[in-house]
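With the input below, show me the fold.
(one chain, ligands or ions: 1)
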Amino acid sequence: MKKTALIYTTEYQKYNFGPDHPLRPLRIELTYSLFRKLSLLNSKTLEILTPRPCTEEEIELVHTKEYINAVKKLSVNPNDKSVNPFMYGLGPGDNPVFKGMYEASALVCGASVTAAEKVWTDDDFRAAFNPAGGLHHAMADKASGFCIFNDIAVAIKYLKKLKEDIRIAYVDIDCHHGDGVQSIFYKDPNVLTVSYHQDGRYLFPGTGFINERGEDRGEGFSINFPLLPNTNNKMYLKIFRTTLPKILEIYAPDILITQLGVDTYYKDPLTQMGLSLDAYRHIAQTLKTCAFEFCNNKWLAIGGGGYLLSVVPRAWTIFLAKMLDVELKNELPASWIEEVKKKAPYEDTPYSLWDRDDRIEVELLSHPEIAKKMIEYGNQLISINEEKYLPDLEAKLRALS
Ligand SMILES: [Zn+2]
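Model (predicted):
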């Protein structure tokens, strides 16, 4: 049976914007701890790899020299007066400067490159997972939305060096639009970007609309599904499962790359979506099936957003278990519950691996008019896919071949 690589090091903890920042590296530590306590790390089909940091040359595949130099200088001395951090999206707020930020970011990029290389070059592997990556907002010349260097884009460029005409499908399920990756490959027909996210009218970064379709040769190869706030499991899964497999079947990529942000969870403090953990079981199954059937059985899985320390580890455990073909019971080890209580005392205590919280469903039942509009909206997205996205994609691919 084919194997899965998990890219992990305690050094991930160094990507840390400080104690008051919502992106806490502790979520990665708690994720690894849950993997271990559920015995996923002992699985015969799992291999744990230690990442190497990216070289500056590799980071330059995506980012401008000027931006990299600014990050390097501020990384040595956060008060370096020769650099204006605001010119590069850095500074108080989303992306505060911290000592060692260059090395920490180069390591996150390196972890995605390590994962990409493994799953692409070693045919014994069908999946590789870097939970610390997914920094999809970073642009070529600036930081954005907690993302300094775009590890996904660096991994894609790295793969393109290994095989020039490689065809890559990038699927982003983070609650925020994957704007950085989309923008970096906007003119590239060999990188299809597909993003499912909360509608940009109601959430950062304010992009990801249905008319963002790519440019020049890349036209038709950017696909967006902006979803309404409070979209629940049922509505989400209907859209996701009706649209994605068809897109991937037509595009037939050499490899599938996914950004697995789980800030679509209904209690996530930064967003307004309505998924419970049960949804991720179905999403993981769809991605795995798609990777197997349409993507050459190669799946590069990368982490992403998610701001509840008690939720992110459970969601990513569901994804890793799916990659490993391990069926987990809906239980949590008592020692992990204790660990969460101790390290994240301000959060609700988790009791089961997944929940089927139907709060959003119940709320919608008492507002049938809103529910009806949301269902109609979802059906419109499905129609846009059938009538526009899919035929366009087919036509563009035909024109290129
Ligand atoms: Zn996000």
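
what's the spacing between the closest residue to the ion within the stretch 301-401 of the chain and Gly178?
In the stretch 301-401 of the chain, the residue that lies nearest the ion is Gly305 (2.7 Å; CB to the ion). Every C-beta, even on glycine, is put in place using the N, C-alpha and C of the backbone. Distance from Gly305 to Gly178, counting by CB to CB, to the nearest Å: 10 Å.

Next: Pro313.
Counting by CB to CB, the gap from Pro313 to Gly178 is 22 Å.

same check, this time on Ala104
Taken as CB to CB, the span from Ala104 to Gly178 is 21 Å.

Check Leu46 too.
Taking CB to CB, one finds Leu46 at 27 Å from Gly178.

Neighbour count: those two, which is higher?
Gly178 (30 against 19; other CB atoms under 10 Å).

Can you tell me the closest non-neighbouring residue to that one?
Once flanking residues are discounted, Gly178 sits nearest to Asp172: 3.5 Å by CB to CB, 6 or more residues apart in numbering.

same check, this time on Ile318
Tyr280 (4.8 Å).

Ok, Ile239 next?
Closest to Ile239 by CB to CB, 6+ apart is Gly378, at 5.2 Å.

List the contacts of the helix or strand in which that neighbour is found.
Assigned by DSSP states H and E, Gly378 falls within helix 368-384. Outside helix 368-384, the residues that touch it by CB atoms under 8 Å, 6 or more residues apart in numbering are 210, 225, 227-228, 230-231, 235, 238-239, 242-243, 364-365.

got a pLDDT number for the residue nearest to Ile239?
Gly378 carries a pLDDT value of 98.

For it, the count of nearby residues, please.
There are 20 residues near Gly378, going by other CB under 10 Å.

do the same with Glu57
Glu57: 7 neighbours (other CB under 10 Å).

next one: Asp123
10.

what about it, distance to Lys3?
For Asp123, the distance to Lys3 - CB to CB - is 10 Å.

Next: Asn296.
16 Å.

And these two? Which one has more around it.
Lys3 (19 against 16).

Please identify which helix or strand holds whichever residue of the stretch 151-300 of the chain sits closest to the ion.
At 3.6 Å from the ion, His176 is the closest residue in the stretch 151-300 of the chain, using CB to the ion. In the assignment (DSSP H and E), His176 maps to no helix and no strand.

Please list the residues of the stretch 51-200 of the chain that sit near the ion.
Asp174, Cys175, His176 (CB under 5 Å from the ion).

The last one: how many residues sit nearby?
Right, His176. 28.

And the pLDDT for it?
pLDDT, His176: 98.

again with Asp358
Predicted confidence (pLDDT) for Asp358: 67.

Kindly report the same for Met1.
88.

go on, the one 10 residues further on?
As summarised for this prediction, Glu11 has a pLDDT of 98.

That one: what's it in contact with?
Counting by CB under 8 Å, 6+ apart, Glu11 has contacts Ala104, Leu107.

Look up phi and psi at it.
phi -60, psi -20 (degrees, to the nearest 10).

what's the spacing between it and Glu29?
11 Å.

Show me the shaky parts of the chain.
357-358 (pLDDT under 70).

Specify the beta-bridge partners of the residue most central in space within it.
The centroid of the chain falls nearest to Gln259 when counting by CA atoms, centre = their mean (2.1 Å). When bridges are assigned using DSSP bridges, the partners listed for Gln259 are Asp172, Ile302.

Going by neighbour count, list what's buried in the helix or strand encompassing Leu244.
Per DSSP H and E, Leu244 falls inside helix 233-251. Across helix 233-251, burial judged by 16 or more other CB atoms under 10 Å covers 233, 235-241, 243-248, 251.
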